[in-house]
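Student: Predicted structure and sequence below. I'll ask about it afterward.
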Amino acid sequence: MATNDNNKFQAVIAHAKEYGFVFQSSEIYDGLSAVYDYGPWGSELKKNIRDYWWKSMTQLHENIVGIDAAIFMHPTTWKASGHVDNFSDPMIDNKDSKKRYRVDHLIEAHAETLPKEDAESLLASMDRLLSGDDFTGLKQLIEDNKIKCAISGTGNWTDIRQFNLMFKTEFGAVASENEGDNMVYLRPETAQGIFVNFLNVQKTARMKIPFGIAQTGKAFRNEIVARQFIFRMREFEQMEMQFFVRPGTEGEWYKYWKQERLQWHLSLGMPAEKYRYHDHVKLAHYAKEACDIEFEFPIGFKEVEGIHSRGDFDLSQHQLYSKKKLQYYDNDIDAATGKPYGNYVPYVVETSIGLDRMFLSVLSNAYEEEAIPKEDGSSDSRTVLRIPAKIAPVKLAILPLTKKDGLPEIARDIMRNCQDEFYCFYEEKDTIGKRYRRMDAIGTPFCITVDHQTKEDNTVTIRYRDTMTQERLPIDKVKELVKEKIR
Ligand code: GAP
């Protein structure tokens with residue numbers, strides 16, 4: 001059993017790799033920092049979480065529709081949104097060599113030369129100062145630790161300045177004469193694809209305020225502190241919904257979405273005691289009111305989702321920069337004036353959740369190393385992922401007890417009958433005990449075993465992952481039972 005939180009976190013990371021959930025990107029080339037790939041069971045779990053969110057937002061809310069906007073957007077988008085000017089991290093220059101360093105890279109490189117404990121303490125101080133935007137403290141930390149430039153060998157540093165987190169790339173095949181003309185950003189949030197499409201969606205889907213637009217997709221940030229597995233990545237996925245409301249009603253909608261989103265987490269079967277709200281005091285450049293939904297990861301309570309009351313900041317900015325009207329005509333009658341509310345730029349309440357972070361919360365919550373007492377007084381153990389059945393990567397494992405006597409054929413028949421409804425997994429290799437353990441380790445909630453009795457009475461044994469209890473069941477009840485349990 002893991003003995004402390006960090007051990008548990010490391011155990012979850014190792015398990016994620018060993019059982020095909022998450023791999024370091026480009027691992028054969030020693031990896032790419034803070035970039036990860038999802039393996040067979042990881043990509044299934046991720047898809048299931050995404051689908052669960054998508055359904056709850058669009059199918060289950062008449063007034064929310066989805067879009068799938070491009071990652072590349074016109075560069076002015078990011079000027080208007082404030083990301084060009086405000087979305088940044090600290091950098092420092094060496095006055096002698098003129099070389100510029102990202103502050104975290106400089107300190108991290110120095111930490112690598114230190115004994116383990118000193119390195120950990122230095123990195124912890126750095127993280128604390130970075131998260132508080134304490135640039136004076138960071139510079140002091142560099143000076144106190146006598147960190148030198150690798151080129152000049154001196155500690156003659158400038159003050160620390162901001163560095164933008166957006167990735168840039170060249171757009172199109174022909175190089176422009178004016179440097180920067182072809183430059184585009186990789187979007188750092190999906191939200192802007194929704195704002196610039198606000199009128200397209202409102203008009204084509206004939207939406208009436210209040211209404212929402214939902215989107216899932218990749219976002220990219222050149223993160224400065226990225227040492228926590230998939231918690232903070234440089235390429236990640238967001239699930240965002242912008243809810244457009246009449247100005248003056250944003251306070252009540254903010255409260256509504258704050259509650260509604262927490263309920264969504266609980267509806268997945270996640271434990272209420274591992275959640276809390278954190279209301280923001282220091283607000284992002286676009287926000288009027290904001291809070292995080294925090295989850296208790298093995299490394300402590302951390303943000304998994306943000307709810308932001310963004311006012312009319314984004315639509316007004318895009319209106320200003322594009323010179324196109326982004327307004328809505330509200331023909332509902334204002335009780336105060338007896339006239340329609342008329343034209344206005346709607347206010348927005350945003351819900352924004354990181355899919356990878358949600359994945360990590362599910363995985364770390366599900367992970368358990370469990371001792372199993374045996375009849376002779378000794379004990380065995382298993383590692384089990386108690387993933388909520390509705391989002392488990394594999395729903396049903398179908399296991400013939402032996403490879404002969406016609407049992408595989410019966411098992412294959414059951415597989416064919418069930419696999420159009422939910423993800424099934426067939427396996428006939430190894431002892432049944434080993435096969436159960438492998439299914440526990442990837443979180444499969446139900447296993448059925450086809451044995452010799454099956455041939456006599458058309459029943460199979462169903463084994464439940466969480467309790468390890470088993471019961472016999474007619475074959476023709478299997479599909480319905482699993483469907484019922486994963487609903
Ligand atoms: N549109 C608002 C927005 O992007 P945010 O708080 O910067 O707000 C929203 O991000 C969510 O995206 C976070 O709550 C987190 O779950 C996820 N997220 C942000 N940066 C991330 C990163 N580097 N790696 C993984 N997830 C991240």
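Tutor: Received the coordinates, thanks. Since the model is a prediction, treat every value here as computed from it, not as a measurement.
Student: What number of residues are in the vicinity of residue 128?
Tutor: Neighbours of residue 128 under the rule other CB atoms under 10 Å: 13. Heads up, the C-betas are built off the backbone N, CA and C, glycines and all.
Student: now residue 112: how far from residue 104?
Tutor: Per CB to CB, to the nearest Å, residue 112 is found 13 Å from residue 104.
Student: The two: which has the busier surroundings?
Tutor: More crowded of residue 112 and residue 104, by other CB under 10 Å: residue 104, with 22 against 7.
Student: Give the next helix or strand downstream of the helix or strand that contains the more buried one.
Tutor: Element membership for residue 104, per DSSP states H and E: helix 103-111. Under the assignment DSSP H and E, the closest C-terminal helix or strand after helix 103-111 is helix 116-131.
Student: Now do that following helix: which elements does it pack against?
Tutor: helix 103-111, helix 135-144 (3 or more CB pairs under 8 Å, 6 or more residues apart in numbering; DSSP states H and E).
Student: Quick one: the strands in the stretch 51-200 of the chain, in order.
Tutor: Taking DSSP state E, counting those that start in this stretch as the test, the strands found in the stretch 51-200 of the chain are 64-66, 88-93, 100-102, 161-164, 168-170, 183-185.
Student: Could you list the residues in contact with the fourth one?
Tutor: Residues external to strand 161-164 that are found in contact with it (CB atoms under 8 Å, 6 or more residues apart in numbering): 83-84, 87-92, 102, 222, 224.
Student: pLDDT on that strand, on average?
Tutor: Averaged across strand 161-164, the pLDDT comes to 86.
Student: In the sheet, which strands lie alongside that strand, parallel or antiparallel?
Tutor: Applying DSSP bridges, strand 161-164 is found paired with strand 88-93 (antiparallel).
Student: what's in contact with the partner strand?
Tutor: The contact list for strand 88-93 (CB under 8 Å, 6+ apart) reads 99-104, 106, 130, 133, 135, 138-139, 142, 157-165, 222-224.
Student: before we move on, back to that, of the contacts of strand 161-164 - the most surrounded one?
Tutor: Counting neighbours by other CB under 10 Å, residue 92 comes out on top of those with 24 neighbours.
Student: separation between it and residue 145?
Tutor: 13 Å.
Student: Just list what the helix holding residue 104 packs against, helices and strands only.
Tutor: Short answer (3+ CB pairs under 8 Å, 6+ apart): helix 103-111 packs on strand 88-93, helix 116-131, helix 135-144.
Student: Which one of the ones you listed lies nearest to residue 322?
Tutor: Among the helices and strands packed on helix 103-111, strand 88-93 comes nearest to residue 322, with 23.9 Å by CB to CB.
Student: most tightly surrounded among the helices and strands packed on helix 116-131?
Tutor: helix 103-111 (a mean of 19; mean count of other CB atoms under 10 Å).
Student: does any part of that helix sit near the ligand?
Tutor: No: Helix 103-111 lies out of reach of the ligand by CB under 6 Å from any ligand atom, never closer than 13.5 Å.
Student: show me the contacts for the residue in the stretch 251-400 of the chain positioned nearest to the ligand.
Tutor: Of all residues in the stretch 251-400 of the chain, residue 354 sits closest to the ligand, at 2.5 Å by CB to the nearest ligand atom. Residues near residue 354 by CB under 8 Å, 6+ apart: 236-239, 304-305.
Student: rewinding a little: what's the most distant pair in the contacts of strand 161-164?
Tutor: It's 83 and 92 that sit farthest apart of those, by CB to CB, at 22.2 Å.
Student: what's the lowest-mean-pLDDT helix or strand in the chain in contact with?
Tutor: In the chain, the helix or strand scored least confidently by mean pLDDT, DSSP states H and E is strand 100-102, which has a mean of 82. Strand 100-102 is contacted from outside by 89-94, 149, 163, 224, using CB under 8 Å, 6+ apart.
Student: Apply 7 Å and report the result again.
Tutor: 89, 91-93, 163, 224 (CB atoms under 7 Å, 6 or more residues apart in numbering).
Student: and if you look at stretch 387-398?
Tutor: So stretch 387-398 is contacted by 41, 44-45, 48-49, 52, 268-269, 362, 366, 411, 414-415, 418, 422-427, 439, 442-448, 482, 485-487 (CB under 7 Å, 6+ apart).
Student: Mind doing that once more with 8 Å?
Tutor: Contacts of stretch 387-398 (CB under 8 Å, 6+ apart): 40-42, 44-45, 48-49, 52, 268-270, 362-363, 366, 411, 414-415, 418, 422-427, 435, 439, 442-448, 450, 478, 482, 485-487.
Student: Please enumerate the helices of the stretch 351-487 of the chain.
Tutor: 355-366, 407-418, 432-442, 452-457, 475-485 (DSSP state H, counting those that start in this stretch).
Student: Actually, the stretch 201-350 of the chain.
Tutor: Going by DSSP H, counting those that start in this stretch, the stretch 201-350 of the chain shows helices at 250-267, 313-322.
Student: wait, residue 155 sits on residue 149?
Tutor: Yes: Residue 155 lies in contact with residue 149 (CB atoms under 8 Å); the separation is 7.5 Å.
Student: quick one, which of these two is more surrounded?
Tutor: Per other CB under 10 Å, whichever of residue 155 and residue 149 has more neighbours is residue 149, with 20 against 15.
Student: quick one: contacts for the more buried one?
Tutor: 94, 96-97, 99, 101, 155-156.
Student: From those residues, pick the one nearest residue 274.
Tutor: Out of the contacts of residue 149, the member with the shortest distance to residue 274 (by CB to CB) is residue 101, at 38.0 Å.
Student: Can you list the low-confidence ranges for the stretch 101-250 of the chain?
Tutor: Scanning the stretch 101-250 of the chain for pLDDT under 70 picks out 174-180, 224-226.
Student: which bits of it sit near the ligand?
Tutor: 189, 191, 221, 223, 232-233, 236, 238, 240.
Student: could I get those as a markdown table with neighbour count?
Tutor: Converted to a markdown table, these look like this (neighbours: other CB atoms under 10 Å):
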| residue | neighbour count |
| --- | --- |
| 189 | 20 |
| 191 | 25 |
| 221 | 22 |
| 223 | 17 |
| 232 | 18 |
| 233 | 22 |
| 236 | 20 |
| 238 | 21 |
| 240 | 25 |
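Student: So which of the residues you listed belong to strands?
Tutor: 236, 238, 240 (DSSP state E).
Student: Show me what the second one is bridged to.
Tutor: Read that as residue 238. residue 217, residue 354.
Student: so who does it touch?
Tutor: Contacts of residue 238 (CB under 8 Å, 6+ apart): 189-190, 216-219, 352-355.
Student: What of the last one?
Tutor: The neighbourhood of residue 240, defined by CB under 8 Å, 6+ apart, consists of 189-191, 194, 214-216, 350-353.
Student: With only the CA atoms kept, save stretch 60-67 in PDB.
Tutor: Presented in PDB, the C-alpha positions along stretch 60-67 are these (Å, rounded to 0.1, in the frame of the first residue of the first chain):
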ATOM      1  CA  LEU A  60     -29.400  17.300 -21.900                       C
ATOM      2  CA  HIS A  61     -29.600  21.100 -22.200                       C
ATOM      3  CA  GLU A  62     -32.100  22.300 -24.800                       C
ATOM      4  CA  ASN A  63     -30.400  25.700 -24.800                       C
ATOM      5  CA  ILE A  64     -26.800  24.600 -25.400                       C
ATOM      6  CA  VAL A  65     -25.400  23.600 -28.800                       C
ATOM      7  CA  GLY A  66     -21.900  22.500 -29.700                       C
ATOM      8  CA  ILE A  67     -19.200  23.600 -32.200                       C
END
